[in-house]
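Colleague: Using only what follows, build the 3D model:
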Amino acid sequence: MKYLFFILTVCVTLMANAVEKILIFPEILIPVKTEAQFKNIPTIESTAFDYLQQIDENENMTRLIFVRHGESNSNKEKSMAGRTLETDLTDQGIKQAKDTGTALALSNVKIHAVFSSPTLRALQTTETMLSKMNLSLPINQDERLHEKWYGPYEGVSEKEYAPIKKQEEEEIPLLPTFFDKFAYKADLNIESMQEIYHRVGEFIREVGHDQLGKNVLITTHNGVMKSIFMADSAFCGFDVEYRSFDLGNCSVIVMEVDDQENFKIVATDGLKLRIKQ
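Modeller: Sure thing, here's the model as predicted:
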């Protein structure tokens, strides 16, 4: 555990102003372009299931275990499901959820409460994990855990979304600061990473306060987990762009929230840098 404590103290505790939506990142960040740089991010070095096996109960610390849903039919079909396109899990997605539930059970982490995005794919993932963990806890649905809002592009195919994706890939790297990239919108009606982070930050502080000292399992989406990882990495001194990394189905992010409602990521699993050919 000593090496974990050393790694985690390097990062600045995440603190966001819930009213004014102000985020203050370090002025100088390391642009993450190589796999070696990505692996140097402290929360990538610390793997989620190893971390969960070693934790002790702490009445002043809430641990949030975020899991992205398993592969859905929209993932397989490469459509932008967002919030409005209801789609269930594929056979592969069910297997991923079962494997994650088994890994959580083997870690011996005690889960006290469960939250999920209201989408079908997230709820199916949650139910499958709980079944493998032999838990019958109620699933609390929360709108703040929804996927990124794609506005006029909700539910469209990857081909129809391609011009927006190309625009993001061309424009984001040219922006001068991480904050500019975090607040970027290719379309005014698409939710930015900053906006996602604000709503999920409210959820984190609320649950951290209400479930103080407990371990909470949370099933959510790619956009939500990317937003908290990008912000946390920035506070650790790393500039990670939205489209520079993949967060696979059933990826895991473990976060700690203290009794002052400050929060930080402590471990991850399933995040990978995209290597350009």
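Colleague: so how far is Lys98 from Ser136?
Modeller: Distance, Ser136 to Lys98, by Cβ to Cβ, to the nearest Å: 17 Å. For every residue, glycine as well, the C-beta is placed using N, CA and C.
Colleague: So the two - more neighbours on which side?
Modeller: Using other Cβ atoms under 10 Å, the more surrounded residue of Ser136 and Lys98 is Lys98, with 17 against 7.
Colleague: So which bits of the helix or strand hosting the more buried one are buried?
Modeller: If you go by DSSP states H and E, Lys98 is part of helix 91-107. Within helix 91-107, the residues that count as buried by 16 or more other Cβ atoms under 10 Å are Gly93, Ile94, Gln96, Ala97, Lys98, Thr100, Gly101, Ala103, Leu104, Ser107.
Colleague: roughly how far apart are Ala105 and Asn134?
Modeller: Separation of Ala105 from Asn134 (Cβ to Cβ) stands at 7 Å.
Colleague: wait, Gly213
Modeller: 23 Å.
Colleague: So between the two, which is more surrounded?
Modeller: More crowded of Gly213 and Asn134, by other Cβ under 10 Å: Gly213, with 13 against 8.
Colleague: Is the more buried one in a helix, a strand, or coil?
Modeller: Under the three-state scheme (DSSP: H, G, I helix; E, B strand; the rest coil), Gly213 adopts coil.
Colleague: How about Asp187?
Modeller: Here Asp187 is recorded as coil under three-state DSSP.
Colleague: wait, it sits on Tyr153?
Modeller: Yes. Contact criterion Cβ atoms under 8 Å: Asp187 and Tyr153 qualify, at 7.4 Å.
Colleague: ranges for the strands of the chain?
Modeller: 30-31, 61-68, 113-116, 139-141, 215-220, 238-239, 245-258, 263-273 (DSSP state E).
Colleague: how about these, which one is nearest Asp50?
Modeller: Closest approach to Asp50 among the strands of the chain (Cβ to Cβ): strand 263-273, 7.4 Å.
Colleague: Can you give me the buried ones in the closest one?
Modeller: Quick answer for strand 263-273 (16+ other Cβ under 10 Å): Phe263, Lys264, Ile265, Val266, Ala267, Thr268, Asp269, Gly270, Leu271, Leu273.
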